[in-house]
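Chemist: Below: sequence and its predicted model.
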Amino acid sequence: MTVIDLLNRAKAQGVMIATAESCTGGMVAAALTDIPGSSDVVERGFVTYTNTAKQEMLGVHVDTLEAHGAVSEEVAQEMAEGALHNSQAQLAVSITGIAGPGGSEHKPEGRVCFGLAADGQPTRTETVEFGALGRENVRKAARDHALLMLLSSVS
């Protein structure tokens, strides 16, 4: 899989993509926009590193953050749905996680939650435990996983 394959498939289907990123800080949007012509597919990216940004830019509910924490499938779902709602895209991916260093017993380093929202489809969420690979490697792994999620939805 290459990012070019993803962009070509999305373009062929007339699908625009939005991203909502926390721990990756825009790495998915950067990977997409590194390719010339990506403006045919990439609608916008949201970098929502703080809970306030998640609330203001994506409409993540304070109750969801308080009940589940920022690193949760519930928040990932609301992030993806918020990116879809607050853009002209038909497909949105979200990422929220603990890149490290650190973490806790309940939310260890390397835990990343993803959301994938598409027009007319139920939002898909998943959690991947990448492990304590180090901050840079967790972020790269999360970026790559999000790109694969996007590719699977336009295949």
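Modeler: Yep, it's here. Numbering: from 1, shown residues only.

Chemist: can we go C-alpha only for contacts and neighbour counts from here?
Modeler: Will do.

Chemist: Can you name the residues bridging to the residue nearest in space to the middle of the chain?
Modeler: Ranked by distance to the mean C-alpha position of the chain (C-alpha atoms, centre = their mean), the top residue is Ser94 at 2.1 Å. Judged by DSSP bridges, the bridge partners of Ser94 are Ala20, Gly115.

Chemist: I figured it hits Val112, correct?
Modeler: No - with contact defined as C-alpha atoms under 8 Å, Ser94 does not count as touching Val112 (10.2 Å).

Chemist: where's the residue nearest to the centre of the chain relative to Ala20, distance?
Modeler: Per C-alpha to C-alpha, to the nearest Å, Ser94 is found 4 Å from Ala20.

Chemist: Likewise for Arg124?
Modeler: For Arg124, the distance to Ala20 - C-alpha to C-alpha - is 14 Å.

Chemist: Give the rounded mean pLDDT of stretch 28-48.
Modeler: Averaged over stretch 28-48, pLDDT sits at 97.

Chemist: contacts for it?
Modeler: 3-4, 7, 10-11, 14-22, 25-26, 54, 57, 83, 87-89, 143-144, 146-147 (C-alpha atoms under 8 Å, 6 or more residues apart in numbering).

Chemist: now, which of those lie within strands?
Modeler: Using DSSP state E, the members of the contacts of stretch 28-48 that fall within strands are Ile17, Ala18, Thr19, Ala20, Glu21.

Chemist: Go through the residues you listed and single out the one with the most neighbours.
Modeler: Tallying neighbours with other C-alpha atoms under 10 Å puts Ala20 at the head of these, with 34 neighbours.

Chemist: tell me the contacts of it?
Modeler: When contacts are counted by C-alpha under 8 Å, 6+ apart, Ala20 is found next to Gly45, Phe46, Val47, Thr48, Met79, Ala80, Ala83, Ala92, Val93, Ser94, Ile95.
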